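# Have a look at this fold, sequence not included:
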C-alpha cells in the first residue's frame, strides 16, 4: 500500500511537467559522457562517364560482408512512418510505457530510459518520442544545418557529375572497435538495390587526435540482360538495419536485374576538423567536412507552481463582551 502511494505521489508531481515535455523533447536527458561529438556532412558524386572506363577494378572489396553494426541514418520524416501508431496512446494519456515499465515506476527507480549517444535508432517499438536534431546521434539534419548546397549545385551544373548522395548528421566519435558505419545508397533504384551503395565509417585514430574516414562503396550498372562475356558479380548483402527500416512497397519489382559492371571504391583518409576534404577516384568522388559539436543540455522542466494559499475563512468578528455596569447604590440618609 505504501509503495502504491509513493508511485501515485511521484506521478502527481511529474505528470504535468512531462506531459508536454514528452511530446516536444525526450523525457530524459542524454547521459553526459566524455565522448566528443562531431557534425559531419558528406556528398558522394559519380563521374558521368564512369561506366565507360576500361580499367580493371579489384573485386576483393565486394567479397567482404558488410559490418553488422552498419546502419542507415534516421530521418525526421520517419515519425510519419510509424509501423504501429498505437504507441502514441500511452504518451497522449500521460502513462507512457518503457520496455514494459510505467514511466512513473521508472522515475521512482531513477532508471534512465533513453541514451541517444549509442547510435540506436530513434524510434523503438516499445516507446515513442519525437526526434531531436540537436541531441540525437545518426539523425539526418534538415537543410538549415547543411552547408554543401552550393557545392552540389555547382557539381550538377557542370553536366559531368551526378550527385548520388548527400547528408549531414551528428555523432559521437569513437575508436575503430566501437565505431558505427553509416549506410550509403543513392542514384536510381533497381528492385532492392541502388546504383551507389556502401558505407562510410568515421572513427578516431589510435591517438584520438584525428578523425579517420573509411570509405567502402560500390557503383553498379544494372541491366535486364545477363552479362554475355563475364560472370555476374554478386553484391554484398544489405545490412539488417537497412532492411528493417524500409517500408513495404505496394507493387514489388518482379524484374530480375543483373549487376554488371561494378566499380568498387575503397579509401581511407585522416581528416582535419573544419576543413573541406575531397577524396578523388576515377569513378566516384567524396566531399566531406567534420566539425566539433557540443551537445546542448536539455532544458530544465518548468517547476510545478506552488499551490495558492487557501482564502481565509470569513468569520464574523466576535462581539466584545459587555462589561457589567457597576452602579453605586446610595443609601438614603436617614
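That came through fine. Computed from a prediction, not measured in an experiment: that's the story for all the values here.

# Do you have the strands of the chain handy? List them.
For the chain, strands defined by DSSP state E occupy the ranges 36-47, 97-98, 101-102, 161-173, 182-190, 193-204, 211-223, 258-271, 277-279, 284-293.

# Out of these, flag the one nearest residue 301.
With C-beta to C-beta as the measure, strand 97-98 is the member of these nearest residue 301 (17.5 Å). The way it works is simple: take the backbone N, C-alpha and C, and place the C-beta from them, glycine included.

# Can you tell me how far residue 221 is from residue 50?
Noted for residue 221: a distance of 9 Å to residue 50, by C-beta to C-beta, to the nearest Å.

# ugh, typo on my part, it should be residue 241
Separation of residue 241 from residue 50 (C-beta to C-beta): 28 Å.

# Give me the below-cutoff pLDDT ranges for the chain.
1-33, 79-129, 229-231, 247-254, 312-334 (pLDDT under 70).

# buried set for stretch 62-75?
Buried residues in stretch 62-75, counted by 16 or more other C-beta atoms under 10 Å: 62, 66, 70-75.

# Residue 221 and residue 50 - which one has more neighbours?
residue 50 (19 against 14; other C-beta atoms under 10 Å).

# Hmm, residue 281 and that one touching each other?
No - using C-beta atoms under 8 Å, residue 50 is not in contact with residue 281; the gap is 9.1 Å.

# still on that earlier bit, with distance to residue 191 as added columns, please give the buried residues of stretch 62-75 in CSV.
Output for the buried residues of stretch 62-75, formatted as CSV (distance: C-beta to C-beta, whole Å):
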residue, distance to residue 191
62, 18
66, 18
70, 20
71, 21
72, 18
73, 22
74, 24
75, 22
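
# which one of those residues is nearest residue 310?
Among these, and counting by C-beta to C-beta, the member closest to residue 310 is residue 74, at 49.9 Å.

# how close does the closest one sit to residue 130?
Distance from residue 74 to residue 130, by C-beta to C-beta: 12 Å.

# quick revisit: ok, the buried residues of stretch 62-75 vs residue 287, which is closest?
Using C-beta to C-beta, those come closest to residue 287 at residue 73, 17.2 Å.

# Show the contacting residues for the closest residue to that closest one other than its chain neighbours.
Spatially, and ignoring its direct neighbours in sequence, residue 73 is nearest to residue 140 (4.4 Å; C-beta to C-beta, 6 or more residues apart in numbering). Residue 140 makes contact with 73-76, 167-169, according to C-beta atoms under 8 Å, 6 or more residues apart in numbering.

# one more time with 10 Å
Counting by C-beta atoms under 10 Å, 6 or more residues apart in numbering, residue 140 makes contact with 72-78, 131, 133, 146, 166-169, 182.

# on that earlier part again, quickly list what's touching both of residue 221 and residue 50.
261, 263.

# Just give the number of residues close to the closest residue to residue 246 other than its chain neighbours.
Of all residues not flanking residue 246 in the chain, residue 192 sits nearest, at 7.9 Å (C-beta to C-beta, 6+ apart). Per other C-beta under 10 Å, the neighbour tally for residue 192 reads 13.

# I'd say residue 192 and residue 255 touch.
No - counting by C-beta atoms under 10 Å, residue 192 does not reach residue 255; the two are 11.4 Å apart.

# What are the buried residues along stretch 265-285?
265-266, 271, 277, 279, 281, 283-285.

# between the residues you listed, which is closest to residue 39?
Taking C-beta to C-beta as the measure, residue 271 is the one of these closest to residue 39, at 12.6 Å.

# Now do the same contact list for the closest one.
38, 40, 202, 205, 210-213, 277, 279, 288-290.

# run the last query once more with 6 Å
Residue 271 makes contact with 211, 213, 277, 290, according to C-beta atoms under 6 Å, 6 or more residues apart in numbering.

# go on, residue 164?
Per C-beta under 6 Å, 6+ apart, neighbours of residue 164: 44, 46, 186-187, 196.
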